[in-house]
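# what would the 3D arrangement of this be:
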Amino acid sequence: MSTANDIPIQGGAAHGNVRPILFEVLHALDKLLDDDIPTTIDLAGLPFGPGELEKLEAALGHGELVAQLNALGTSHIRETAYPGVWWVEHRNVNDEVTGRYIEITRFPEILSSQDADIGAARARLRETFE
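Here you go, the predicted structure:
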């Protein structure tokens, strides 16, 4: 069985919050695989010391997928080096961070099309053919 100690942390030992968050990510991956339950970790609510957020981001690394959403600001969604673990950051129109999350899920919810949007698309496409 893997532990948080198995997750490499670049640049030496972790600060106070990095290893516990990685351990939480590990348990969230267990929940996702075993019970298909996604988890969101709100990083804004955690007290990071100097450099800890950067260490956490470096420890999770970068994966293959990156998406950007433009709606009332910009949202950056990227897969980490660990499939199923996503780094999600929302910014307002002034480019200020308004939310930062780690999502442990198969696919981030924010990237899913909403029923109302799909219905509007269907109506527009139908008008094209009428």
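# bridged to residue 97, which residues?
Beta-bridge pairing for residue 97 (DSSP bridges): residue 91.
# going forward can the numbers begin at 7, since that is how I track them
Okay, residue one is now 7; in that scheme the one you just asked about reads as residue 103.
# wait, it touches residue 96, no?
Yes - because the distance of 7.2 Å satisfies C-beta atoms under 8 Å, residue 103 is recorded as touching residue 96. In short, each C-beta sits where N, CA and C put it, glycine included.
# between these two, who's got more neighbours?
Neighbour comparison, residue 103 and residue 96: the larger count goes to residue 96, with 20 against 12 (by other C-beta atoms under 10 Å).
# right, and that one touches residue 104 too?
Yes - counting by C-beta under 8 Å, residue 104 is a contact partner of residue 96 at 4.9 Å.
# overlap of the contact sets of these two?
Residues within reach of residue 96 and of residue 104 at once, by C-beta atoms under 8 Å, 6 or more residues apart in numbering, are residue 79.
# can you give me how far the longest helix seen in the chain is from the chain middle?
The single longest helix within the chain, with elements called by DSSP state H, is helix 24-41. In terms of C-alpha atoms, centre = their mean, to the nearest Å, the centre of helix 24-41 is found 13 Å from the chain centre.
# repeat for stretch 105-124
9 Å.
# check which residues of that stretch are buried.
Across stretch 105-124, burial judged by 16 or more other C-beta atoms under 10 Å covers 106-111, 114.
# same question, stretch 32-39
Burial within stretch 32-39, assessed by neighbour count using 16+ other C-beta under 10 Å, is assigned to 32, 34-35, 38.
# tell me the one of those nearest residue 68?
Distance to residue 68, by C-beta to C-beta, is smallest for residue 35 among these, at 17.5 Å.
# all helices of the chain, in order?
Assigned by DSSP H, the helices in the chain fall at 24-41, 58-66, 121-135.
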